[in-house]
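# the amino acid sequence is not available; the structure is as follows:
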């Protein structure tokens with residue numbers, strides 16, 4: 001019922017046997033890219049459609065390998081480095097480590113005294129972004145940032161997590177709150193992560209939770225392509241309404257006015 005070149009996209013069991021995992025690990029150590037690995041396996045097995053798994057499955061295997069390497073050695077090296085930095089800075093580096101039941105590193109949090117001083121002055125609004133996974137372990141890296149009185153970005157702290165479970169985010173938020181003297185921010189701006197969104201009201205019940213406009217606006221081209229194409233003035237008017245309103249009331253008023261003007265031009269039929 002399915003063409004051979006489409007079989008790889010079917011929902012089915014995608015278990016990768018131990019021999020293939022070992023081969024993928026060898027390729028990874030040699031610096032061979034995922035696309036090249038799939039190409040090699042396709043030639044070996046007589047076609048990509050006969051492999052039984054996709055590029056993403058190979059990436060998942062590589063991710064597991066890198067995280068295992070982190071657990072076995074690099075985590076201890078990271079902790080040793082943080083201890084050394086704390087000693088040589090005369091206690092001006094603060095760090096916390098979260099361990100699981102098997103005494104393996106589940107999370108790291110670190111901050112220096114300069115960042116703590118910055119938080120005491122400008123920590124009323126905090127950006128909490130966990131979208132960075134460009135490290136070799138494919139682990140969520142969280143820079144906790146803000147803005148100073150010169151509109152410059154400043155760093156409040158860093159966290160590295162094994163996964164993006166709600167419990168992991170709770171640990172990071174609790175640790176951050178403890179390090180800054182239990183002084184919660186007035187507003188936190190995270191990415192659109194469900195687990196993080198659930199953790200914020202529990203750990204920071206009095207902090208206003210807002211969404212990042214960048215993550216929202218990044219979806220505009222996909223959702224509003226038809227309007228962008230058919231109505232040349234739509235994008236400018238929409239952005240003006242969204243970004244130049246200084247209060248919720250002003251946004252509501254300008255939005256209603258904009259909708260009436262669009263309706264008068266029969267935009268919405």
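Structure received. Everything quoted here is computed from the prediction, not taken from an experiment. Numbers count the residues shown, from 1 in each chain.

# flag the shaky bits of the stretch 101-250 of the chain, pLDDT-wise.
Scanning the stretch 101-250 of the chain for pLDDT under 70 picks out 131-138.

# which residue ranges form the helices in it?
In the stretch 101-250 of the chain, the helices defined using DSSP state H, counting those that start in this stretch lie at 113-122, 166-179, 194-203, 213-217, 220-223, 225-230, 234-243, 248-264.

# deepest of those, which one?
helix 166-179 (a mean of 20; mean count of other CB atoms under 10 Å). To be clear about C-beta, it is placed using only N, CA and C from the backbone, and glycine gets the same treatment.

# what's in contact with that helix?
Residues from elsewhere that reach helix 166-179, judged by CB atoms under 8 Å, 6 or more residues apart in numbering: 94, 96, 98, 106-107, 109, 111, 116, 130, 142, 144, 156-157, 159, 161-162, 183-184, 193, 195-196, 198-200, 202-204.

# derive a ChimeraX selection command for the buried subset of the residues you listed.
Filtering those down to the buried ones (16 or more other CB atoms under 10 Å) takes a single ChimeraX command:
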select :94,96,98,106,107,109,111,116,130,142,144,156,157,159,161,162,184,193,196,199,200,203,204
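
# please flag which of the contacts of helix 166-179 sit within strands.
With DSSP state E as the criterion, strands contain 94, 96, 98, 106-107, 109, 111, 142, 144, 156-157, 159, 161 from among the contacts of helix 166-179.

# circling back to that earlier point, ok, which of the helices of the stretch 101-250 of the chain comes nearest residue 39?
Of all the helices of the stretch 101-250 of the chain, helix 220-223 sits nearest to residue 39, with 30.1 Å by CB to CB.

# bridging residues for residue 141?
Taking DSSP bridges as the rule, residue 141 bridges to residue 132, residue 160.

# do the same with residue 147
Taking DSSP bridges as the rule, residue 147 bridges to residue 153.

# for the helix or strand harbouring residue 40, what is the average pLDDT?
According to DSSP states H and E, residue 40 maps onto helix 34-45. The average pLDDT within helix 34-45 is 78.

# now it, how far from the chain's geometric center?
Here the centre of helix 34-45 is set off from its chain's centre by 30 Å, with CA atoms, centre = their mean, to the nearest Å.

# contacts for that helix, please.
With CB under 8 Å, 6+ apart as the test, helix 34-45 has contacts from 20, 24, 27, 32, 48, 50-51, 54-55, 58-59, 62.

# how about 6 Å then?
27, 48, 51, 55, 58-59 (CB atoms under 6 Å, 6 or more residues apart in numbering).

# going by neighbour count, list what's buried in it.
Residues 34, 37-38, 41 are the ones in helix 34-45 that count as buried (16+ other CB under 10 Å).

# pick the one among the residues you listed closest to residue 240.
Taking CB to CB as the measure, residue 240 lies nearest residue 34 of these, at 42.8 Å.

# could you check how far the closest one is from residue 61?
According to CB to CB, to the nearest Å, residue 34 and residue 61 sit 10 Å apart.
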